[in-house]
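>>> Quick check, what structure comes out for this input:
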Amino acid sequence: MHVGMSSIFQNPENDAGVSDYSVYQKDMKIALMAESLGFESVWGIEHHFTDYTMMPDVVDFLSFIGGACRKIKLGTMVVVLPWNDPMRVAEKMSMLDSMSDGRVIFGIGRGLARVEFEGFRVNMGDSRERFVESAEMVLQGLEQGYCEYDGKHIKQPRARIRPEPFKSFKNRTYAAAISAESSQIMAKLGIGILVIPQKPWEVHAQELKDYNDLFQQMHGRAAPRPYVAGWVMCDNDAGKAEEMARKYIAGYWRSVVKHYEMQSNHFATTKGYEYYSQLNHTLETMGVDGMADFFMGLQVWGTPEQCLEKIKDIHSRTDCCGFTGVFGYAGMSLEQSRANMTLFAKEVMPEVKKLGSRPAFDIEDDHAPAFLRAVGSH
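Take a look at the predicted model:
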(Lines give C-alpha, C1' and ligand atoms only; values in the text may rest on other atoms or scores of the structure.)
Protein backbone atom coordinates (compact mmCIF):
# COMPACT_ATOMS: atom_id res chain seq x y z
CA MET A 1 0.00 0.00 0.00
CA HIS A 2 1.16 3.52 -0.80
CA VAL A 3 2.01 5.72 2.21
CA GLY A 4 2.19 9.51 2.12
CA MET A 5 2.18 12.49 4.44
CA SER A 6 0.52 15.90 4.36
CA SER A 7 1.44 19.29 5.76
CA ILE A 8 -1.48 21.54 6.69
CA PHE A 9 0.13 24.74 8.09
CA GLN A 10 -2.24 25.46 10.97
CA ASN A 11 -1.65 28.44 13.27
CA PRO A 12 -4.17 28.29 16.11
CA GLU A 13 -1.62 30.01 18.37
CA ASN A 14 -1.46 33.22 16.35
CA ASP A 15 -3.18 35.05 19.21
CA ALA A 16 -0.25 33.96 21.42
CA GLY A 17 2.20 35.65 19.10
CA VAL A 18 3.23 32.72 16.90
CA SER A 19 3.82 34.10 13.40
CA ASP A 20 2.57 32.49 10.20
CA TYR A 21 6.17 32.60 8.98
CA SER A 22 7.35 30.42 11.85
CA VAL A 23 4.55 27.91 11.18
CA TYR A 24 5.65 27.71 7.55
CA GLN A 25 9.28 27.16 8.50
CA LYS A 26 8.27 24.38 10.91
CA ASP A 27 5.91 22.55 8.56
CA MET A 28 8.27 22.85 5.59
CA LYS A 29 10.97 21.12 7.65
CA ILE A 30 8.54 18.26 8.31
CA ALA A 31 7.52 17.98 4.64
CA LEU A 32 11.14 17.95 3.49
CA MET A 33 11.86 15.00 5.80
CA ALA A 34 9.31 12.82 4.02
CA GLU A 35 11.42 11.35 1.24
CA SER A 36 14.39 10.43 3.45
CA LEU A 37 12.03 8.71 5.90
CA GLY A 38 10.55 6.53 3.16
CA PHE A 39 7.21 8.24 2.54
CA GLU A 40 6.08 7.91 -1.06
CA SER A 41 4.15 11.15 -1.45
CA VAL A 42 3.68 14.64 0.01
CA TRP A 43 0.25 16.24 -0.11
CA GLY A 44 -1.05 19.79 0.31
CA ILE A 45 -4.55 21.07 1.01
CA GLU A 46 -5.96 24.30 -0.47
CA HIS A 47 -7.50 26.68 2.06
CA HIS A 48 -7.75 30.44 2.47
CA PHE A 49 -8.25 33.35 4.86
CA THR A 50 -8.08 31.70 8.33
CA ASP A 51 -5.57 29.88 10.55
CA TYR A 52 -7.28 26.54 9.80
CA THR A 53 -4.95 25.71 6.88
CA MET A 54 -2.78 28.44 5.38
CA MET A 55 -2.14 27.07 1.90
CA PRO A 56 -3.63 29.38 -0.73
CA ASP A 57 -1.81 27.65 -3.61
CA VAL A 58 -1.17 23.95 -3.23
CA VAL A 59 0.62 23.73 -6.61
CA ASP A 60 3.21 26.30 -5.48
CA PHE A 61 3.89 24.21 -2.36
CA LEU A 62 4.21 20.99 -4.34
CA SER A 63 6.48 22.65 -6.89
CA PHE A 64 8.91 23.45 -4.08
CA ILE A 65 8.69 19.91 -2.69
CA GLY A 66 9.07 18.38 -6.14
CA GLY A 67 12.21 20.38 -6.76
CA ALA A 68 13.76 19.52 -3.41
CA CYS A 69 12.86 15.82 -3.57
CA ARG A 70 13.68 13.64 -6.56
CA LYS A 71 11.31 10.67 -6.36
CA ILE A 72 8.39 11.50 -4.09
CA LYS A 73 4.91 11.85 -5.62
CA LEU A 74 3.04 15.15 -5.27
CA GLY A 75 -0.61 15.08 -4.20
CA THR A 76 -3.23 17.83 -4.15
CA MET A 77 -5.67 17.17 -1.31
CA VAL A 78 -7.41 19.11 -2.78
CA VAL A 79 -7.57 21.81 -5.45
CA VAL A 80 -10.99 23.38 -4.84
CA LEU A 81 -12.42 23.83 -8.32
CA PRO A 82 -15.18 26.41 -7.63
CA TRP A 83 -12.54 28.85 -6.30
CA ASN A 84 -10.30 28.53 -9.34
CA ASP A 85 -10.45 29.23 -13.06
CA PRO A 86 -10.57 25.68 -14.46
CA MET A 87 -8.40 26.63 -17.44
CA ARG A 88 -5.67 27.72 -15.02
CA VAL A 89 -6.09 24.49 -13.04
CA ALA A 90 -5.51 22.40 -16.17
CA GLU A 91 -2.43 24.44 -17.06
CA LYS A 92 -0.98 24.26 -13.55
CA MET A 93 -1.45 20.51 -13.23
CA SER A 94 0.12 19.86 -16.62
CA MET A 95 3.02 22.17 -15.77
CA LEU A 96 3.60 20.54 -12.35
CA ASP A 97 3.48 17.10 -13.96
CA SER A 98 6.01 18.10 -16.62
CA MET A 99 8.37 19.68 -14.08
CA SER A 100 8.20 16.64 -11.77
CA ASP A 101 8.41 14.00 -14.54
CA GLY A 102 4.90 12.69 -14.01
CA ARG A 103 4.80 12.51 -10.21
CA VAL A 104 1.45 14.28 -9.72
CA ILE A 105 -1.58 12.76 -7.96
CA PHE A 106 -4.48 15.07 -8.77
CA GLY A 107 -7.04 15.56 -6.00
CA ILE A 108 -10.05 17.86 -6.42
CA GLY A 109 -12.96 19.06 -4.28
CA ARG A 110 -15.78 21.60 -4.19
CA GLY A 111 -15.23 23.42 -0.88
CA LEU A 112 -17.25 23.70 2.30
CA ALA A 113 -16.37 26.86 4.23
CA ARG A 114 -18.62 29.90 3.81
CA VAL A 115 -15.74 32.27 4.65
CA GLU A 116 -13.78 31.00 1.65
CA PHE A 117 -16.65 31.26 -0.83
CA GLU A 118 -17.39 34.78 0.38
CA GLY A 119 -13.72 35.75 0.13
CA PHE A 120 -13.69 34.74 -3.52
CA ARG A 121 -17.11 36.25 -4.24
CA VAL A 122 -18.44 32.86 -5.37
CA ASN A 123 -22.02 31.81 -4.67
CA MET A 124 -21.73 28.78 -2.39
CA GLY A 125 -25.11 27.52 -3.58
CA ASP A 126 -23.70 27.09 -7.09
CA SER A 127 -20.67 25.07 -5.96
CA ARG A 128 -21.91 21.62 -6.92
CA GLU A 129 -22.79 22.73 -10.45
CA ARG A 130 -19.52 24.64 -10.77
CA PHE A 131 -17.56 21.67 -9.47
CA VAL A 132 -19.10 19.24 -11.97
CA GLU A 133 -18.64 21.59 -14.93
CA SER A 134 -15.07 22.46 -13.94
CA ALA A 135 -14.15 18.81 -13.32
CA GLU A 136 -15.58 17.73 -16.67
CA MET A 137 -13.65 20.44 -18.47
CA VAL A 138 -10.33 19.93 -16.68
CA LEU A 139 -10.34 16.13 -16.80
CA GLN A 140 -11.28 16.06 -20.46
CA GLY A 141 -8.75 18.78 -21.22
CA LEU A 142 -5.89 16.89 -19.59
CA GLU A 143 -6.66 13.88 -21.81
CA GLN A 144 -7.17 15.74 -25.10
CA GLY A 145 -4.63 18.55 -24.73
CA TYR A 146 -7.05 21.48 -24.87
CA CYS A 147 -10.02 22.80 -22.91
CA GLU A 148 -13.38 23.70 -24.38
CA TYR A 149 -16.67 23.88 -22.50
CA ASP A 150 -20.10 25.45 -22.80
CA GLY A 151 -21.91 25.08 -19.50
CA LYS A 152 -24.19 27.07 -17.26
CA HIS A 153 -21.32 28.54 -15.25
CA ILE A 154 -18.19 27.64 -17.23
CA LYS A 155 -17.81 29.16 -20.70
CA GLN A 156 -14.45 28.24 -22.14
CA PRO A 157 -13.52 28.78 -25.80
CA ARG A 158 -11.13 26.19 -27.17
CA ALA A 159 -7.63 26.80 -25.78
CA ARG A 160 -4.59 24.53 -25.77
CA ILE A 161 -2.88 23.43 -22.57
CA ARG A 162 0.80 24.30 -22.72
CA PRO A 163 2.94 22.62 -21.63
CA GLU A 164 0.76 19.89 -23.09
CA PRO A 165 0.03 16.86 -20.89
CA PHE A 166 2.47 14.04 -21.63
CA LYS A 167 0.82 11.30 -19.57
CA SER A 168 -2.78 10.43 -18.74
CA PHE A 169 -4.23 11.52 -15.39
CA LYS A 170 -6.57 8.53 -15.30
CA ASN A 171 -6.09 6.29 -12.25
CA ARG A 172 -4.30 9.09 -10.42
CA THR A 173 -7.18 11.55 -10.04
CA TYR A 174 -9.19 11.59 -6.81
CA ALA A 175 -11.93 13.71 -5.28
CA ALA A 176 -12.78 14.31 -1.65
CA ALA A 177 -16.33 13.10 -1.08
CA ILE A 178 -18.06 13.34 2.28
CA SER A 179 -21.73 13.01 1.35
CA ALA A 180 -23.24 10.01 -0.48
CA GLU A 181 -24.39 12.39 -3.22
CA SER A 182 -20.80 13.53 -3.84
CA SER A 183 -19.64 9.91 -4.11
CA GLN A 184 -22.18 9.33 -6.86
CA ILE A 185 -20.93 12.39 -8.74
CA MET A 186 -17.36 11.06 -8.59
CA ALA A 187 -18.47 7.70 -9.97
CA LYS A 188 -20.09 9.44 -12.93
CA LEU A 189 -16.92 11.49 -13.50
CA GLY A 190 -14.87 8.29 -13.49
CA ILE A 191 -12.46 9.31 -10.73
CA GLY A 192 -11.39 7.81 -7.43
CA ILE A 193 -12.54 8.66 -3.92
CA LEU A 194 -10.34 10.39 -1.36
CA VAL A 195 -11.73 9.46 2.07
CA ILE A 196 -11.20 12.03 4.80
CA PRO A 197 -12.86 10.27 7.75
CA GLN A 198 -15.73 12.14 9.36
CA LYS A 199 -18.32 9.40 9.83
CA PRO A 200 -18.29 5.81 11.14
CA TRP A 201 -16.08 3.52 9.05
CA GLU A 202 -18.97 1.17 8.35
CA VAL A 203 -20.82 4.09 6.74
CA HIS A 204 -17.78 4.99 4.64
CA ALA A 205 -17.56 1.32 3.59
CA GLN A 206 -21.20 1.19 2.48
CA GLU A 207 -20.91 4.42 0.51
CA LEU A 208 -17.76 3.12 -1.19
CA LYS A 209 -19.65 -0.05 -2.16
CA ASP A 210 -22.43 2.04 -3.70
CA TYR A 211 -19.83 4.12 -5.53
CA ASN A 212 -18.05 1.00 -6.79
CA ASP A 213 -21.31 -0.50 -8.08
CA LEU A 214 -22.29 2.67 -9.94
CA PHE A 215 -18.78 3.09 -11.35
CA GLN A 216 -18.87 -0.48 -12.72
CA GLN A 217 -22.30 0.08 -14.25
CA MET A 218 -21.30 3.33 -15.93
CA HIS A 219 -17.79 2.53 -17.10
CA GLY A 220 -17.71 -1.25 -17.48
CA ARG A 221 -14.63 -1.59 -15.29
CA ALA A 222 -13.71 -1.62 -11.64
CA ALA A 223 -13.40 1.71 -9.85
CA PRO A 224 -10.01 2.92 -8.65
CA ARG A 225 -9.37 1.80 -5.12
CA PRO A 226 -10.03 4.60 -2.62
CA TYR A 227 -7.32 6.61 -0.93
CA VAL A 228 -7.55 7.38 2.81
CA ALA A 229 -6.17 10.28 4.82
CA GLY A 230 -6.02 10.52 8.59
CA TRP A 231 -4.57 12.33 11.59
CA VAL A 232 -1.78 10.42 13.32
CA MET A 233 -0.40 10.46 16.84
CA CYS A 234 2.21 7.76 17.42
CA ASP A 235 4.22 7.27 20.61
CA ASN A 236 5.84 4.26 22.27
CA ASP A 237 3.97 5.10 25.48
CA ALA A 238 0.27 4.30 25.10
CA GLY A 239 -0.75 6.74 27.82
CA LYS A 240 1.23 9.59 26.34
CA ALA A 241 -0.12 8.82 22.85
CA GLU A 242 -3.68 9.06 24.15
CA GLU A 243 -2.92 12.25 26.05
CA MET A 244 -1.41 13.82 22.94
CA ALA A 245 -4.29 12.61 20.75
CA ARG A 246 -6.84 14.13 23.12
CA LYS A 247 -4.99 17.43 23.04
CA TYR A 248 -4.06 17.69 19.38
CA ILE A 249 -6.47 15.53 17.34
CA ALA A 250 -9.36 16.89 19.38
CA GLY A 251 -7.82 20.34 19.00
CA TYR A 252 -7.79 19.89 15.24
CA TRP A 253 -11.49 18.96 15.33
CA ARG A 254 -12.28 22.15 17.20
CA SER A 255 -10.55 24.09 14.42
CA VAL A 256 -12.85 22.28 11.94
CA VAL A 257 -15.92 23.38 13.90
CA LYS A 258 -14.70 26.98 13.91
CA HIS A 259 -13.54 27.23 10.27
CA TYR A 260 -16.63 25.55 8.81
CA GLU A 261 -19.08 27.20 11.23
CA MET A 262 -20.46 23.81 12.18
CA GLN A 263 -22.55 25.29 14.98
CA SER A 264 -24.31 27.60 12.54
CA ASN A 265 -27.44 26.53 10.66
CA HIS A 266 -26.35 28.03 7.32
CA PHE A 267 -25.83 24.62 5.67
CA ALA A 268 -29.55 23.90 5.91
CA THR A 269 -30.33 26.90 3.74
CA THR A 270 -27.47 26.55 1.24
CA LYS A 271 -28.20 24.59 -1.93
CA GLY A 272 -26.09 21.45 -2.22
CA TYR A 273 -25.03 21.41 1.43
CA GLU A 274 -28.18 20.05 3.06
CA TYR A 275 -26.30 16.92 4.15
CA TYR A 276 -24.03 18.99 6.38
CA SER A 277 -26.96 20.37 8.36
CA GLN A 278 -27.00 16.95 10.03
CA LEU A 279 -23.69 17.86 11.64
CA ASN A 280 -25.35 20.85 13.25
CA HIS A 281 -27.95 18.58 14.85
CA THR A 282 -25.26 16.09 15.91
CA LEU A 283 -23.23 18.84 17.54
CA GLU A 284 -26.30 20.01 19.43
CA THR A 285 -26.83 16.46 20.69
CA MET A 286 -23.25 15.40 21.41
CA GLY A 287 -21.61 18.76 22.03
CA VAL A 288 -18.26 19.84 20.65
CA ASP A 289 -16.33 17.69 23.14
CA GLY A 290 -18.41 14.60 22.33
CA MET A 291 -17.88 15.10 18.61
CA ALA A 292 -14.16 15.64 19.21
CA ASP A 293 -14.02 12.23 20.93
CA PHE A 294 -15.90 10.68 18.01
CA PHE A 295 -13.55 12.25 15.45
CA MET A 296 -10.54 11.10 17.47
CA GLY A 297 -11.90 7.56 17.35
CA LEU A 298 -11.75 7.59 13.55
CA GLN A 299 -8.08 8.55 13.42
CA VAL A 300 -4.80 6.66 13.86
CA TRP A 301 -3.20 7.05 17.29
CA GLY A 302 -1.52 4.99 19.99
CA THR A 303 1.62 2.90 20.12
CA PRO A 304 3.10 1.77 16.79
CA GLU A 305 1.31 -1.57 17.21
CA GLN A 306 -2.02 0.18 17.87
CA CYS A 307 -1.54 2.52 14.89
CA LEU A 308 -0.84 -0.43 12.62
CA GLU A 309 -3.91 -2.30 13.80
CA LYS A 310 -6.09 0.76 13.15
CA ILE A 311 -4.78 1.12 9.59
CA LYS A 312 -5.27 -2.62 9.02
CA ASP A 313 -8.88 -2.22 10.14
CA ILE A 314 -9.40 0.74 7.79
CA HIS A 315 -7.85 -1.23 4.93
CA SER A 316 -10.07 -4.26 5.62
CA ARG A 317 -13.17 -2.06 5.44
CA THR A 318 -12.22 0.05 2.42
CA ASP A 319 -9.62 -1.90 0.36
CA CYS A 320 -7.79 1.43 0.16
CA CYS A 321 -4.74 1.72 -2.09
CA GLY A 322 -2.97 4.20 0.15
CA PHE A 323 -2.88 6.12 3.40
CA THR A 324 -1.67 9.67 3.97
CA GLY A 325 -0.97 10.77 7.51
CA VAL A 326 -1.05 14.28 8.95
CA PHE A 327 1.68 14.46 11.59
CA GLY A 328 1.77 18.13 12.62
CA TYR A 329 -1.38 20.08 13.49
CA ALA A 330 -3.24 22.10 16.12
CA GLY A 331 -0.15 23.90 17.37
CA MET A 332 2.18 20.91 17.81
CA SER A 333 5.83 21.85 18.12
CA LEU A 334 8.45 20.91 15.57
CA GLU A 335 9.92 18.40 17.99
CA GLN A 336 6.54 16.75 18.61
CA SER A 337 5.68 16.58 14.91
CA ARG A 338 9.10 15.22 14.00
CA ALA A 339 8.98 12.52 16.71
CA ASN A 340 5.44 11.53 15.69
CA MET A 341 6.33 11.20 12.01
CA THR A 342 9.72 9.53 12.56
CA LEU A 343 8.37 6.82 14.85
CA PHE A 344 5.50 6.10 12.44
CA ALA A 345 7.95 5.89 9.52
CA LYS A 346 10.26 3.53 11.38
CA GLU A 347 7.80 1.22 13.14
CA VAL A 348 4.46 1.41 11.30
CA MET A 349 5.04 2.34 7.67
CA PRO A 350 7.04 -0.75 6.61
CA GLU A 351 4.14 -2.99 7.63
CA VAL A 352 1.51 -0.71 6.08
CA LYS A 353 3.32 -0.87 2.75
CA LYS A 354 2.80 -4.65 2.75
CA LEU A 355 -0.99 -4.32 2.78
CA GLY A 356 -3.00 -4.73 -0.42
CA SER A 357 -2.63 -6.80 -3.54
CA ARG A 358 -2.67 -4.17 -6.30
CA PRO A 359 -0.35 -1.18 -6.67
CA ALA A 360 -1.61 2.34 -6.04
CA PHE A 361 -1.85 4.71 -9.00
CA ASP A 362 -1.54 1.79 -11.43
CA ILE A 363 -0.72 3.61 -14.63
CA GLU A 364 1.85 2.80 -17.28
CA ASP A 365 4.71 5.28 -17.66
CA ASP A 366 4.01 5.51 -21.40
CA HIS A 367 0.24 5.88 -20.97
CA ALA A 368 -0.10 9.02 -23.02
CA PRO A 369 -3.28 11.07 -23.33
CA ALA A 370 -5.53 10.24 -26.29
CA PHE A 371 -4.40 13.21 -28.35
CA LEU A 372 -0.74 12.21 -28.09
CA ARG A 373 -1.53 8.58 -29.00
CA ALA A 374 -3.33 9.89 -32.07
CA VAL A 375 -0.34 12.04 -33.06
CA GLY A 376 1.99 9.12 -32.55
CA SER A 377 -0.03 6.88 -34.84
CA HIS A 378 0.70 9.02 -37.92
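
>>> Can you get me a residue count around residue 327?
Neighbours of residue 327 under the rule other Cβ atoms under 10 Å: 29. Just so you know, the C-beta spots here come from the backbone N, C-alpha and C atoms, and that holds for glycine as well.

>>> Correct me if wrong: it contacts residue 340.
Yes - the pair residue 327 and residue 340 passes the contact test of Cβ atoms under 8 Å, sitting 4.8 Å apart.

>>> who touches both of the two?
residue 232 (Cβ atoms under 8 Å, 6 or more residues apart in numbering).

>>> List of residues touching stretch 206-226?
Contacts of stretch 206-226 (Cβ under 8 Å, 6+ apart): 171, 174, 177, 180, 183-184, 186-188, 190-195, 318-321, 356, 358, 360.

>>> In helices only, show me the residues you listed.
When the contacts of stretch 206-226 are checked against helices (DSSP state H), the matches are 180, 183-184, 186-188, 318.

>>> With neighbour count and pLDDT as extra columns, can I get those residues in JSON lines?
As requested, those are exported to JSON lines (neighbours: other Cβ atoms under 10 Å; pLDDT from 0 to 100):
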{"residue": "180", "neighbour count": "13", "pLDDT": "73"}
{"residue": "183", "neighbour count": "22", "pLDDT": "80"}
{"residue": "184", "neighbour count": "16", "pLDDT": "85"}
{"residue": "186", "neighbour count": "24", "pLDDT": "93"}
{"residue": "187", "neighbour count": "23", "pLDDT": "93"}
{"residue": "188", "neighbour count": "15", "pLDDT": "93"}
{"residue": "318", "neighbour count": "21", "pLDDT": "95"}
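
>>> Nearest to residue 62 among the residues you listed?
For the ones in helices among the contacts of stretch 206-226, the minimum distance to residue 62 (Cβ to Cβ) is 21.9 Å, reached by residue 186.

>>> Please name the residues that touch that closest one.
Counting by Cβ under 8 Å, 6+ apart, residue 186 has contacts 175, 177, 192-193, 211.

>>> which one of the residues you listed is nearest residue 2?
Using Cβ to Cβ, the contacts of residue 186 come closest to residue 2 at residue 192, 12.2 Å.

>>> neighbours around that closest one, how many?
Close neighbours of residue 192, defined as other Cβ under 10 Å, add up to 28.

>>> Quick check, it in contact with residue 177.
No - Residue 192 lies out of contact with residue 177 (Cβ under 8 Å); the separation is 9.6 Å.

>>> so where does residue 118 fall, helix or strand?
Using DSSP states H and E, residue 118 sits within helix 114-119.

>>> Most neighbours out of the contacts of residue 186, which is it?
The most crowded member of the contacts of residue 186, judged by other Cβ under 10 Å, is residue 192 (28 neighbours).

>>> now the helices for the stretch 151-300 of the chain?
180-189, 201-219, 238-244, 250-259, 277-298 (DSSP state H, counting those that start in this stretch).

>>> I'd like those helices as a markdown table, with distance to residue 312 appended.
Below are the helices of the stretch 151-300 of the chain laid out as a markdown table (distance: least, Cβ to Cβ, whole Å):
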| stretch | distance to residue 312 |
| --- | --- |
| helix 180-189 | 24 |
| helix 201-219 | 12 |
| helix 238-244 | 17 |
| helix 250-259 | 23 |
| helix 277-298 | 15 |
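
>>> Can you check which of those gets nearest to residue 54?
Using Cβ to Cβ, the nearest of the helices of the stretch 151-300 of the chain to residue 54 is helix 250-259, at 11.4 Å.

>>> what's in contact with that closest one?
In this structure, residues lying in contact with helix 250-259 by Cβ under 8 Å, 6+ apart are 10, 12, 47, 50-52, 113, 115, 231, 262-263, 283, 288-289, 291-293, 295-296, 329-331.

>>> Return a PyMOL selection command for the buried portion of those residues.
Per 16 or more other Cβ atoms under 10 Å, the buried members of those correspond to this PyMOL selection:
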select buried, resi 10+12+47+50+51+52+113+231+262+291+292+295+296+329+330+331
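
>>> The nearest residue to residue 295 once chain neighbours are set aside: how many residues sit nearby?
For residue 295, ignoring the flanking residues on the chain, the nearest one in space by Cβ to Cβ, 6 or more residues apart in numbering is residue 253 at 4.3 Å. When neighbours are counted by other Cβ under 10 Å, residue 253 registers 24.

>>> What distance do you get for residue 253 to residue 348?
Residue 253 sits 22 Å away from residue 348, going by Cβ to Cβ, to the nearest Å.

>>> tell me the angle the lengthiest strand in the chain makes with helix 277-298.
The longest strand of the chain (DSSP state E) is strand 227-234. Relative orientation of strand 227-234 versus helix 277-298 (axes from the mean of the first three to the mean of the last three Cα atoms, to 10 degrees): 50 degrees.
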